[in-house]
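[1] what's the 3D shape of this:
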Amino acid sequence: MMKNLIAALTCLATTAAFAAEPIDTEKMKPLFDGKTLEGWHGNNPHTTAKAKEGREESLKKQQEDFTKHWSVEGGALVNDGHGPYATTDSDYGDIEFTVDYRTVPKADSGIYLRGTPQVQIWDHTNEKAFKHGADLGSGGLWNNSKGNPGKDPLVLADRPFGQWNEFQIRQLGARTWVWLNSKLVVDAATMDNFWDRAKPLPATGPIHLQTHGGEIRWKNINVREVPAEEANALLRGDDAGFTTIFNGKDLSGWAGATENYEVVDGAIACKDKKGGTVYFDKKFSDFVARLEFKLTPGGNNGLAIRYPGSGDTAYVGMCELQVLDNTSEKYAKLDERQYHGSAYGMAAAHRGYLRPLGEWNYQEVTVKGSTIRVELNGTVILDIDLSKIDPETFMGKKKHPGLELTEGFFGFAGHGSPIQFRKVAIKEL
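    You can find the predicted model right below:
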């Protein structure tokens, strides 16, 4: 019950602010030349995953079927309803993707993003499939778990058979937007990881055009990789309802170890080889915090959550959320609860979702009661109720006396690295 409430509150606090402007198709590059299968290969990931002979051998066997069932006709990529899926040779992360398709009655197909099913395509008039939601139309993230946002399209947008349908898809982290025939059918919904629902969507992967028993034609297939700065802005949307707590000029309104911090190019940074916790001088109970940060090589800092104003926030505060260069060799053997986004010493965050060093990351943290949720660059890397963790399992079995605090300060826990933070804003829940 509490988990569902948190999800609802988080949705209210974030999704409404996301940018839903349609894609600028002028910036795209073609993935299909309209003449050949260059840039594509055959791969049904379900077959590949189960192959006893191994991945490479399975892919090799699928290529003959690929050229048998896929062809180019009249500038369109045509599939007869059988064979492996048409798969991009390249993997993609944050993208904008466009494709037109035309299919036949009772057909069932889809688009896999990052190698994961799927943006659904099917016959919305097929009554036999109504029990699966076909009557709601195409474009939904059909493989999302039941009840999760995005599983069903927001509106029915399919055109009659014989006409071409146009998809525009934006994927930033695990957040997915889908426009079908210029109608928004999925609005910033998190795409579930079909292959392992306990983990987030992979950070990168190929695009698959699915085959599923009925002829389907594809054309105008284009992609654009979205740069980090633009992705951050799109994920953040506007800051309606949020209060900016750092003015970008000085540390007015901040307290703690301010002498160990400085403002660099509009960002707060811990001075090199200095440390301590600096915090905004107002206590918060339940809140959403959003910010951008840029890591330094081997950088180590943290977000102070419900910090009481003195002491080590990792223990005397509700927690310290790690801010760490996970790629540094010196951190290769850390406890898993010490990597970026983790509730230090208590709960491990998923890894692999930081941007490359030198790029700004966007992070949103939701604190509600004893729960904490961390979304990094559009992917939820931690979603945990800290009160449910057995204290005997804490790293080093060390006590966390601040865990039950219901309010405290928000700030940064420096550990000698000049990591930068900017665009810091909070919304009280």
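
[2] show me the biggest helix of this structure in terms of residues.
    What stands out as the longest helix in the chain, according to DSSP state H, is helix 55-69.

[3] So which elements touch that one?
    Here helix 55-69 touches strand 40-42, helix 45-50, going by 3 or more CB pairs under 8 Å, 6 or more residues apart in numbering; DSSP states H and E. Every C-beta, even on glycine, is put in place using the N, C-alpha and C of the backbone.

[4] Need the residues that contact it.
    By CB atoms under 8 Å, 6 or more residues apart in numbering, the residues outside helix 55-69 that reach it are 37, 41-44, 47-48, 51, 79-84, 86, 211.

[5] Averaged pLDDT, it. What do you get?
    Averaged across helix 55-69, pLDDT comes to 93.

[6] Torsion angles phi and psi at the residue sitting furthest away from the middle of the chain?
    Largest separation from the mean C-alpha position in the chain: Gly74, at 36.8 Å (CA atoms, centre = their mean). With angles defined as degrees, to the nearest 10, Gly74 sits at phi 60, psi 40.

[7] Which ChimeraX command selects the buried ones in the contacts of helix 55-69?
    Selection command for ChimeraX covering only the buried members of the contacts of helix 55-69, criterion 16 or more other CB atoms under 10 Å:
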select :37,41,42,43,44,47,48,79,81,83,84,86,211
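
[8] ok, the contacts of helix 55-69 vs Val367, which is closest?
    Taking CB to CB as the measure, Val367 lies nearest Thr48 of the contacts of helix 55-69, at 40.8 Å.

[9] what about the closest one, distance to Phe130?
    Relative to Phe130, Thr48 is positioned 31 Å away (CB to CB, to the nearest Å).

[10] Can you pick out the most distant pair from the contacts of helix 55-69?
    Taking CB to CB as the measure, these have their most distant pair in Ala51 and Asp80, spaced 23.1 Å apart.

[11] ok, back up a step: the residue farthest from the centre of the chain and Gly256, how far apart?
    For Gly74, the distance to Gly256 - CB to CB - is 67 Å.

[12] ditto for Ala233
    Taking CB to CB as the measure, Ala233 falls 30 Å from Gly256.

[13] Looking at those two, which one has more neighbours?
    Higher neighbour count among Ala233 and Gly256: Gly256, with 24 against 15, using other CB atoms under 10 Å.

[14] my guess is the more buried one meets Cys270, correct?
    No: if you go by CB atoms under 8 Å, Gly256 and Cys270 don't touch, sitting 11.4 Å apart.

[15] Need the overlap of contacts for those two.
    With CB under 8 Å, 6+ apart, Gly256 and Cys270 have common neighbours Val278.

[16] Lowest-scoring secondary structure element of the chain by mean pLDDT?
    Of all helical and strand segments in the chain, the minimum by mean pLDDT, DSSP states H and E falls on helix 2-14, at a mean of 38.

[17] after that one comes which helix or strand?
    Using DSSP states H and E, the helix or strand that follows helix 2-14 in sequence is strand 29-30.

[18] who does that next one touch, helix- and strand-wise?
    Using 3+ CB pairs under 8 Å, 6+ apart, strand 29-30 sits against strand 216-225.

[19] circling back to that earlier point, ok, then the element right after the longest helix of the chain?
    Beyond helix 55-69 on the C-terminal side, the first helix or strand identified by DSSP H and E is strand 70-73.

[20] which residues of this structure score low on pLDDT?
    1-20 (pLDDT under 70).

[21] Would you map the strands across the stretch 101-250 of the chain?
    Along the stretch 101-250 of the chain, counting by DSSP state E, counting those that start in this stretch, strands occupy 108-113, 116-122, 165-172, 175-180, 183-190, 208-209, 216-225, 243-244.

[22] For Arg355, find the nearest of the ones you listed.
    The minimum distance between Arg355 and these falls on strand 165-172, with 11.6 Å, by CB to CB.

[23] Based on its surroundings, how many neighbours for Arg217?
    Arg217 is flanked by 17 other residues according to other CB under 10 Å.

[24] Name whatever forms a beta bridge with it.
    Counting by DSSP bridges, Arg217 forms beta bridges with Val78, Arg102.

[25] Quick check: which of the helices and strands packed on helix 55-69 is nearest to Val365?
    Closest approach to Val365 among the helices and strands packed on helix 55-69 (CB to CB): helix 45-50, 33.1 Å.

[26] okay, stretch 351-367 in PDB with CA atoms only?
    Output in PDB follows, covering the C-alpha atoms of stretch 351-367 (Å, rounded to 0.1, in the frame of the first residue of the first chain):
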ATOM      1  CA  ARG A 351      24.900   0.700 -11.700                       C
ATOM      2  CA  GLY A 352      25.600   1.600 -15.300                       C
ATOM      3  CA  TYR A 353      23.400   4.700 -15.700                       C
ATOM      4  CA  LEU A 354      25.900   7.600 -15.100                       C
ATOM      5  CA  ARG A 355      26.800   9.700 -18.100                       C
ATOM      6  CA  PRO A 356      30.500   9.800 -19.100                       C
ATOM      7  CA  LEU A 357      32.900  11.900 -17.000                       C
ATOM      8  CA  GLY A 358      32.700  15.500 -18.000                       C
ATOM      9  CA  GLU A 359      29.000  15.400 -18.800                       C
ATOM     10  CA  TRP A 360      26.200  16.800 -16.500                       C
ATOM     11  CA  ASN A 361      23.900  14.200 -15.000                       C
ATOM     12  CA  TYR A 362      20.300  14.900 -14.000                       C
ATOM     13  CA  GLN A 363      19.000  13.300 -10.800                       C
ATOM     14  CA  GLU A 364      15.700  13.400  -8.900                       C
ATOM     15  CA  VAL A 365      15.300  12.100  -5.400                       C
ATOM     16  CA  THR A 366      11.900  11.500  -3.700                       C
ATOM     17  CA  VAL A 367      11.800  11.100   0.100                       C
END
